[in-house]
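Student: Structural data only, the sequence is not supplied:
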């Protein structure tokens, strides 16, 4: 079953955040993942969201998604995201 990372992000410092995007794109691919959604126009149909940008990543499995998130390589670049954006990430196992 695929695993999905759903991230909601508010970028506060766009220039250094670009480095995170560049490095993370390569790393996601290394762990077998791909970006399904990367921002774009959004229309809220019900409820509220915390942050204006939504990213959806798909991995072959939830375990692969967790390996990406827990990897030393991601730990090195996660600090860029934490310093330049407010965010929420969730791991969702597909069916």
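Tutor: Perfect, thanks for sending it. Small disclaimer: the values here were computed from a predicted structure and weren't measured.
Student: So which elements touch the host helix or strand of residue 82?
Tutor: Taking DSSP states H and E as the criterion, residue 82 maps to helix 72-84. Contacts defined by 3 or more C-beta pairs under 8 Å, 6 or more residues apart in numbering; DSSP states H and E place helix 72-84 against helix 14-30. C-betas here are computed from N, CA, C, even on glycine.
Student: Averaged pLDDT, the helix it packs on. What do you get?
Tutor: The average pLDDT within helix 14-30 is 96.
Student: List the contacts of stretch 66-75.
Tutor: Outside of stretch 66-75, the residues within contact range by C-beta atoms under 8 Å, 6 or more residues apart in numbering are 3, 5, 24, 27, 28, 30, 31, 33, 59, 89, 91.
Student: okay, the angle between the helix holding residue 82 and helix 14-30?
Tutor: Put simply, helix 72-84 runs at 160 degrees to helix 14-30, going by axes from the mean of the first three to the mean of the last three C-alpha atoms, to 10 degrees.
Student: Pull up the pairing partners for whichever helix or strand comes after helix 72-84, direction included.
Tutor: Later in the chain than helix 72-84, the nearest helix or strand by DSSP H and E is strand 85-93. Using DSSP bridges, strand 85-93 pairs in its sheet with strand 3-11 (antiparallel).
Student: List the neighbours of the strand it pairs with that are in contact with it.
Tutor: By C-beta under 8 Å, 6+ apart, strand 3-11 touches 17, 33, 36, 49-66, 68-69, 81, 84-94.
Student: Now which of those residues would you call buried?
Tutor: Buried members of the contacts of strand 3-11, scored by 16 or more other C-beta atoms under 10 Å, are 17, 33, 53, 55, 57-59, 62, 64-65, 68-69, 81, 84-85, 87.
Student: Name the nearest of these relative to residue 41.
Tutor: Closest approach between these and residue 41, by C-beta to C-beta: residue 53, at 11.1 Å.
Student: Which residue, other than its chain neighbours, is closest to residue 1?
Tutor: Nearest non-adjacent residue to residue 1, counting by C-beta to C-beta, 6 or more residues apart in numbering: residue 94, 5.1 Å away.
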